[in-house]
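Asks: 3D, please:
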Amino acid sequence: MAKVSEMPNDELVNIYVQLRDRRTVRKKEFEMVDNKDKEKLEKIEAVLLQRYQEAGIESARTQYGTAYKTTVAYASVADKDAFFNHVKEKEAYELLDVRCNKTGVQQYIDEHDDLPPGINWREEVHIRVQRA
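Replies: A predicted model of the protein is given here:
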């Protein structure tokens with residue numbers, strides 16, 4: 001087999017598409033098996049949680065490891081206007097995460113031919129391959 005750097009473009013694109021297809025098949029196969037494992041894990045977690053709640057315990061050590069209860073919190077915005085009004089009125093800026101919106105920054109650049117203050121911007125050129 002010739003070195004990649006010596007192969008013609010059509011052969012490189014053909015190999016690229018074949019490799020990508022092979023990876024897609026492998027990923028689907030893995031996800032199918034992995035989803036079954038995830039379901040089993042969730043069932044085991046549910047059984048352990050029920051047992052711990054019934055027994056009034058927080059954790060249990062076994063010869064294979066320790067299982068313990070933990071609380072995970074989730075927060076999302078249900079009413080954007082109400083939330084932002086509250087943040088402004090109470091100056092509760094600690095309730096916000098600071099990150100920029102890539103689409104918004106791109107629109108700003110397009111309109112002003114400049115970056116908004118305090119923003120880093122990087123663009124990279126990549127090759128993408130579409131099937132014929």
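
Asks: In this structure, what residue spans correspond to strands?
Replies: 59-61, 66-68 (DSSP state E).

Asks: With mean pLDDT and distance to Arg131 as extra columns, can I get these in TSV?
Replies: Every C-beta, even on glycine, is put in place using the N, C-alpha and C of the backbone. Converted to TSV, the strands of the chain look like this (pLDDT from 0 to 100; distance: least, CB to CB, whole Å):
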stretch	mean pLDDT	distance to Arg131
strand 59-61	94	52
strand 66-68	96	47
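
Asks: Between those, which one is closest to Glu39.
Replies: strand 66-68 (18.0 Å; CB to CB).

Asks: What helices and strands are in contact with that closest one?
Replies: strand 59-61 (3 or more CB pairs under 8 Å, 6 or more residues apart in numbering; DSSP states H and E).

Asks: May I have the residues that are in contact with Tyr93?
Replies: Val87 (CB atoms under 8 Å, 6 or more residues apart in numbering).

Asks: Where does the prediction get shaky in the protein?
Replies: 1 (pLDDT under 70).

Asks: how does it divide up, domain by domain?
Replies: 7-72, 74-121 (automatic domain parsing).

Asks: one step back: now the strands of the chain as TSV including distance to Ile119 and mean neighbour count?
Replies: Listed next are the strands of the chain as TSV, based on distance: least, CB to CB, whole Å; neighbours: other CB atoms under 10 Å:
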stretch	distance to Ile119	mean neighbour count
strand 59-61	45	11
strand 66-68	42	12
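
Asks: Now distance to Glu123 too, for those, in CSV please.
Replies: Putting the strands of the chain into CSV (distance: least, CB to CB, whole Å) gives the following:
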stretch, distance to Glu123
strand 59-61, 49
strand 66-68, 46
